[in-house]
Each structure stands twice: as C-alpha cells, then as structure tokens.
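Visitor: Build the 3D model from these lines:
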Amino acid sequence: MDAYLSRAATAKFDGPPVLLVASSDAAMTRAETTIIDGGLRVGAKLPLEDATERIAVQPAATAVWLELDKDCGGPLDELLDVIVRDVRDHRYAAVVSTDAAMLDVVAARIDETCVEIIVNADDAERAAALPLALASRKWAERYADVASDKNAERLRQLSEEVGRIASTLARLSAGPGTSRPTLTPVPAGDIPPLSADTVRNVIRARRTRARYFSEELFADPAWDMLLDLLQAEIAQLRVPVSSLCIAAAVPATTALRWLKTLVAQGLFIRRADPHDGRRVFVELAPETSQALRRYFAEIGPVAVI
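Guide: Take a look at the predicted model:
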C-alpha cells in the first residue's frame, strides 16, 4: 500500500487517515492534491478494483474520497454500496467526486444524504466537500483548519448554503413544533386540473430572464425542480437525476444538495428504473403534487415567475 504522512497533515491533523480511491492515475493525483491541500493525512491510495476489500479491513478512517473519471461497471456499483452502508454505520465520512456523465450511475447507488457528491467541482467546491461531509456526521470538531486560506470564504458560503437549504425547507409547510414539512392532502376529485402548457410557459418565462440578467440573481433551485417535476408528471414522463439537476439551473453539486434535502423532507420520491439498475428517477410526492396544483389554481391567470 502506498501510504505516507504529509508535512501539512502533521501540522494540522493527527486523526485517522483519509483513504483515496480513484478510477485512474490522473483521478488519483487530483484527489491526493485536494486532501494534501486540506491538511489531511493520506492513508492509502487504492485503485477502484481493490478498494472494497481494502476498506473492509481498514481499522479506522476519517473519510473515503472516491474520485471518478470513468465508469468501472460492477466493481464501482459494489464499492458505492459499501460506502453507503459504512456511512450509515458511522464508520467514516465519504465524498464522491464525479463528472456529469457519471451522475446518474452514482446517484442510483447513493441514497444516503450524508455522502457528499460533487460534480465537475472547482477547487473551492472540492476543498469544501470533505468538511461538509464530516459536519453532516457531527465530526466537525475533529477537523480543524482543513481548507486553505484562499478557500475559507467559499467554504463558509457553502456551509451557510447547506444550512439555508434545511431551514427553507423546514419553513416550507411545517407548523410550529413540527420536525418536518407536512402537506395537507385533498381528495383526488378536488384537485384542480392543470395543463402541461401552463407549467411549461412558467418555466420558459423563468429561463427568459437569463437573456437580460445574470441567472445568479434569480437562483431558486427548489422551485425550478418542483416545476420541472410537475410538468413531467402532467406529461407522464420520467425524470432522471441528471435531468433534474439541469432543470435546477445551478451548478450540479448545489442541485444535488437541494435534491437530497427535498427527498429527505418527503417532498420528492426516488424511484428505481425497473429497466436499468444503474439509474433512478425522481418524482413529486403525492402531497407535493396536490399542493402545487392547488397553488396554480389559487393564483389563476397571474404569471408565476
């Protein structure tokens, strides 16, 4: 095993190491750079095909960082299942770094909200990923000064973003004293009719704003995903994770964080593709669909942007 202790890690972190797993030499180099720049100790650098067996006998690890730049088929599926199981068992934190082409494959295996998935991430997002994964398991006290000074502000912003997602969803429909949103169902016969064209026109109007202003001014990924799933439901279409992230009109990593939270809050539902075990679809929960339809009925012909 190729293991070593960097000088930066010696100065900043003396806990269990981070295990690196990669699908190629180039991917391994990128993962190693991220961990060393973060001041952590690299424990072992493993080719993906050997990782499942090696992780099983690892006595302790702070985290597993999986860097993907290609699809490794069955061994990848097996490894992702192991990572999800171990994170649920609190063995370690985990980050999976991938590109957009691999997003559906990764998302099909990972339904654990505390596994941090980053997609085509820049250096700042990569620096923030492991602290966020650790914080989600309440291990933040074991991780001090992990990001370099140049990334500290971006890390703070991303941490605040995660907190904002949680608080926004908690306020979406929950009353005082409730722990998760609850939407009041209505009898099926009372759900107002809604055409796909109505929803499509709203989505088109939202996208048109980008011709005149920066999209960042109007970023609202939760609402964009709600509208996209409502349109798909009316048209009886299935929406994979990758398509929904595109509809969110924000970077894929941010969209995934919103998606995980919306699923955890019960607003969205993941459905396995019966014809492809390496893909999942996302759909509106019945109560969410009813609430959206009632909302459109209440506002009437007013333009919903």
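Visitor: where are the low-confidence patches of the protein?
Guide: 1-15, 137-190, 301-305 (pLDDT under 70).
Visitor: any idea which residue sits dead centre in it?
Guide: Centroid check for the chain by Cα atoms, centre = their mean gives Leu256 as the closest residue, at 3.0 Å.
Visitor: Just give the nearest non-adjacent residue to it, would you?
Guide: Ile117 (5.2 Å; Cβ to Cβ, 6 or more residues apart in numbering). Glycine gets a C-beta too; all of them are placed from N, C-alpha and C.
Visitor: what sits against the one you found?
Guide: 95-98, 106-107, 110, 253, 256 (Cβ atoms under 8 Å, 6 or more residues apart in numbering).
Visitor: which residues of the stretch 1-150 of the chain fall in helices?
Guide: 7-12, 25-37, 48-56, 74-88, 103-109, 123-136 (DSSP state H, counting those that start in this stretch).
Visitor: all helices of the stretch 151-300 of the chain, in order?
Guide: 152-173, 196-208, 221-235, 241-247, 252-264, 286-299.
Visitor: Give me every residue in contact with the third one, excluding its own residues.
Guide: What it means is helix 221-235. 165, 168-169, 194-196, 199-200, 202-203, 206, 238-239, 243-244, 247-250, 254-255, 258-259, 262, 267-268, 282-284, 288-289, 292-293.
Visitor: what about burial for those residues, which qualify?
Guide: Listed as buried from those are 165, 169, 194, 199, 202-203, 206, 239, 243-244, 247-250, 254-255, 258-259, 262, 267-268, 282-284, 288-289, 292-293; burial here means 16 or more other Cβ atoms under 10 Å.
Visitor: ok, Ile234 - how many residues close by?
Guide: The number of residues packed around Ile234, counting by other Cβ atoms under 10 Å, is 18.
Visitor: from now on call the first residue 100
Guide: All right, first residue 100 from here; so that's Ile333.
Visitor: Now do it against Ile302, distance only.
Guide: Look at Ile333 and Ile302: by Cβ to Cβ, to the nearest Å, they are 12 Å apart.
Visitor: Pro385 now?
Guide: 22 Å.
Visitor: Asp221 too?
Guide: Counting by Cβ to Cβ - Asp221 and Ile302 are separated by 27 Å.
Visitor: Name the nearest residue to Val340, sequence neighbours excluded.
Guide: Val340 sits nearest to Ala206 (Cβ to Cβ, 6+ apart), 4.0 Å away.
Visitor: can you dump the C-alpha coordinates of stretch 325-339 into CSV?
Guide: These are the backbone C-alpha positions of stretch 325-339, laid out as CSV (Å, rounded to 0.1, in the frame of the first residue of the first chain):
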residue,chain,number,x,y,z
LEU,A,325,-40.7,21.5,-8.4
LEU,A,326,-41.9,23.0,-11.6
ASP,A,327,-39.9,20.5,-13.8
LEU,A,328,-41.3,17.5,-11.9
LEU,A,329,-44.8,18.9,-12.1
GLN,A,330,-44.5,19.4,-15.8
ALA,A,331,-43.1,15.8,-16.2
GLU,A,332,-45.9,14.4,-14.1
ILE,A,333,-48.6,16.0,-16.2
ALA,A,334,-46.9,14.8,-19.4
GLN,A,335,-46.4,11.4,-17.8
LEU,A,336,-42.6,11.5,-18.3
ARG,A,337,-39.9,10.1,-16.0
VAL,A,338,-37.1,12.4,-14.8
PRO,A,339,-33.6,11.0,-14.0
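Visitor: Buried residues of that stretch, list them for me.
Guide: For stretch 325-339, using 16+ other Cβ under 10 Å, the buried residues are 325-333, 338-339.
Visitor: Kindly report the same for stretch 313-321.
Guide: 319-321.
Visitor: And for stretch 162-181?
Guide: Neighbour-count burial for stretch 162-181 [16+ other Cβ under 10 Å]: 162-168, 171, 175-179, 181.
Visitor: No further questions, thank you.
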